[in-house]
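# sequence first, predicted model second:
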Amino acid sequence: MDSDALLTFLTVHRRGGISNAAKALHRSQPAISRRIALLEQELGVPLFERIAGRTMLSDAGKVMVPYAERAVAAAQDAENAVLALARPNSGPVALAVVGTLAGGRLSAILKRFAAEHPEVELSLRTATSAEVSDMIRRGEATIGLRYDRDRSGDLDCELLFAERLQVVCALDHPRAGRRVADLADLRGERWIAFPVVPGRREITASHVFALFQTHGLGEIDWTPVDSLTAQKRLVEAGLGIALLSESNAAEELRHKTIATIGVRDLKASHDVVTVTRRGGFLSAAARRLLEIVRKEYRETKALGR
């Protein structure tokens, strides 16, 4: 069993079949089928099943996935470590970030890093918090930025800061710019938040629901919206209120297109953390990017920006 066989197995799984895997790996379908057959023969068990015309993982395949991901990522680490000896300040660095963290602060980080390391191939992908962890785990990204710590034993998470959450509303909302005694006063409002996807918890929706449950207020009316920009436009239009972080609402508050509602008993925040693969290789350039991320986020928070 070698890393190429494991990569082929993972590609068939992720692409949903032999044909798509062949295209992704630029090989023929018979070559991919043969590679999988040899791997199954070596293991003595089938890794895939055909169910209703679809290629699905067998029970053995499901067990295999996390081990294959770690092995393929380790092989990539080995290659990167050797290449880094000859080119310590070049090579690829991939950053995976929760979409709502990809704002002006991140732009400043990337601009600074690119100026220091013009030979580095820097890439950026946005995803949910859970997906950021998955990309780090699979070796598809070098450094991740997400909300809340991932408790998985194969990842290292480092707290950058805890960002305060606030209730925002339209300028003509009856409570705009005012304070209410407690969260119960907002129970009758329609809330706007990210959708809740099973197994893919995203922070805003979770916080809204958890806050009302913690206060013993039960269910709320809400509208799921999977775009932060769309959420803010709906709030501006008076179609609901939302729980947003200070940074995500900063521009609209500065331009006075939305307002806040103060809630005396509301103490809500979420942790912003970096994610790296435990024991994974970080090049000198990747370590420098991580250093800039730490410095920029912590200094910005200390200055209250």
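Everything's here; your move. Residues are numbered from 1 along each chain as shown.

# okay, and the helix or strand of the protein with the least pLDDT?
Considering only helices and strands, the least confidently modelled element of the chain by mean pLDDT, DSSP states H and E is helix 203-214, at a mean of 60.

# mind naming the longest strand for this protein?
strand 155-169 (DSSP state E).

# list the buried residues of that one.
L155, D156, C157, L160, E163, L165, Q166, V167, V168, C169 (16 or more other C-beta atoms under 10 Å). Bear in mind the C-beta positions are built from the backbone N, C-alpha and C, glycine included.

# max pairwise distance over these: which two?
The most widely separated members of those are D156 and C169, with 38.6 Å between them, by C-beta to C-beta.

# where along the stretch 151-300 of the chain do the helices fall?
In chain order, the stretch 151-300 of the chain shows helices spanning 203-214, 228-236, 246-254, 284-302, with DSSP state H, counting those that start in this stretch as the criterion.

# of all the ones you listed, which one is nearest P30?
With C-beta to C-beta as the criterion, P30 lies closest to helix 284-302 of the helices of the stretch 151-300 of the chain, at 38.2 Å.

# not counting the closest one itself, show me its contacts.
Contact with helix 284-302 is made by 84, 88-91, 93, 95, 105, 108-109, 112-113, 116-117, 120, 122, 142-143, 145, 158, 160-161, 163, 272, 274, 276, 282, as judged by C-beta atoms under 8 Å, 6 or more residues apart in numbering.

# what's the angle from that helix to strand 155-169?
Here helix 284-302 points in a direction 40 degrees away from that of strand 155-169 (axes from the mean of the first three to the mean of the last three C-alpha atoms, to 10 degrees).

# pull the longest helix from the chain.
Counting by DSSP state H, the longest helix found in the chain is helix 59-86.

# give the buried residues for that one.
Judged by neighbour count using 16+ other C-beta under 10 Å, the buried positions of helix 59-86 are 61, 64-65, 68-77, 80, 84.

# same question, stretch 222-241
Here stretch 222-241 shows W222, V225, L228, Q231, K232, R233, L234, V235, E236, G240, I241 as buried, counting by 16+ other C-beta under 10 Å.

# without its sequence neighbours, what residue ends up closest to the first one?
Read that as W222. Beyond its immediate neighbours in the sequence, the residue positioned closest to W222 (C-beta to C-beta, 6 or more residues apart in numbering) is W191, lying 4.2 Å away.

# the fifth one too?
For K232, the nearest residue in space outside its immediate sequence neighbours is E252; the separation is 5.7 Å by C-beta to C-beta, 6+ apart.

# S58 against L43, yeah?
No - no contact is recorded between S58 and L43 when judged using C-beta atoms under 8 Å, the distance being 10.7 Å.

# L282: how many residues sit nearby?
Using other C-beta atoms under 10 Å, L282 has 19 neighbouring residues.

# so who does it touch?
With contact set as C-beta under 8 Å, 6+ apart, L282 has these partners: T142, I143, T276, L290.

# and of those residues, the nearest to L25?
T142 (22.0 Å).

# and the closest one, how many residues sit next to it?
The local packing of T142 (other C-beta under 10 Å) involves 26 other residues.

# give me the pLDDT for it.
Per-residue confidence at T142 stands at 92 (pLDDT).

# then A22?
For A22, the model assigns a pLDDT of 92.

# would you agree it is in contact with Q29?
Yes - counting by C-beta under 8 Å, A22 sits close enough to Q29 to count as a contact (4.6 Å).
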